[in-house]
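S.K.: kindly generate the corresponding structure for this input.
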Amino acid sequence: MTVPKLGRIDLNILRILQKDGRISYTDLAKQVGLSVTPCIERVKRLERENYILNYGARVSAQKLNQSLVVFVQIRLNHTSQKNFEEFRRSVMDLENVQSCFLVSGNYDYLLKARVADMASYRELLGHRILKLPAVQESTSYVVMEELKDTMDLPISLKR
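M.R.: The predicted structure follows:
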């Protein structure tokens with residue numbers, strides 16, 4: 001499927017909305033050089049075409065006692081389609097796992113988990129992650145300092 005190229009105004013709308021999803025249509029329209037109605041129509045089209053997936057709030061991990069980040073490499077005991085599917089279904093139920101990636105290399109998956117402390121992580125690893133289907137081994141990396149963590153995509157307005 002070919003993704004249609006977006007124009008400068010649409011790209012600018014996306015760039016602004018990913019920084020501030022609560023901006024008013026009036027302010028957004030001013031920033032992109034449109035009147036309000038065409039701006040709303042463009043945003044609705046970007047939503048309909050799934051360029052905009054959702055709107056949300058970024059909450060404080062520290063305030064919610066979830067400040068420890070751990071990356072976990074997972075190796076399955078056998079890389080079969082059945083094991084991949086079972087693992088994929090099971091990992092979706094782990095609320096402390098924020099991200100899960102199928103990767104190339106010596107391991108099969110890379111997880112990003114967020115928990116309160118090491119005791120919570122030991123519980124998550126020992127009682128949940130290592131009990132997922134077909135998990136053979138894991139390697140954990142505890143984040144000592146988070147320097148950058150963003151969900152923003154780089155959107156260039158240069159064409």
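S.K.: where along the chain do the strands fall?
M.R.: 68-76, 97-102, 109-115, 135-142 (DSSP state E).
S.K.: and for stretch 9-27, what's in contact with it?
M.R.: For stretch 9-27, the surrounding residues in contact (CB atoms under 8 Å, 6 or more residues apart in numbering) are 6, 28, 31-34, 36, 39-40, 42-43, 46, 51-52, 55-56, 151-153, 155-157. (Each C-beta comes from the backbone N, C-alpha and C, glycine too.)
S.K.: rerun that using 10 Å as the cut-off
M.R.: Contacting residues not belonging to stretch 9-27 are listed as 4-7, 28-40, 42-43, 45-47, 49, 51-52, 54-58, 150-159 [CB atoms under 10 Å, 6 or more residues apart in numbering].
S.K.: can I get it in CSV, CA atoms only?
M.R.: The C-alpha trace of stretch 9-27 is given here as CSV (Å, rounded to 0.1, in the frame of the first residue of the first chain):
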residue,chain,number,x,y,z
ILE,A,9,0.1,22.3,5.9
ASP,A,10,-0.9,18.7,6.8
LEU,A,11,2.6,18.0,8.1
ASN,A,12,2.6,21.2,10.1
ILE,A,13,-0.8,20.2,11.6
LEU,A,14,0.7,16.8,12.7
ARG,A,15,3.8,18.4,14.1
ILE,A,16,1.8,20.9,16.2
LEU,A,17,-0.8,18.3,17.4
GLN,A,18,1.8,15.8,18.5
LYS,A,19,3.3,18.5,20.8
ASP,A,20,-0.1,19.9,22.0
GLY,A,21,-3.2,17.7,21.3
ARG,A,22,-5.3,20.1,23.3
ILE,A,23,-4.7,23.2,21.1
SER,A,24,-7.9,24.9,20.0
TYR,A,25,-8.8,24.7,16.3
THR,A,26,-8.6,28.5,16.3
ASP,A,27,-5.0,28.6,17.5
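S.K.: no further queries at this time; thank you.
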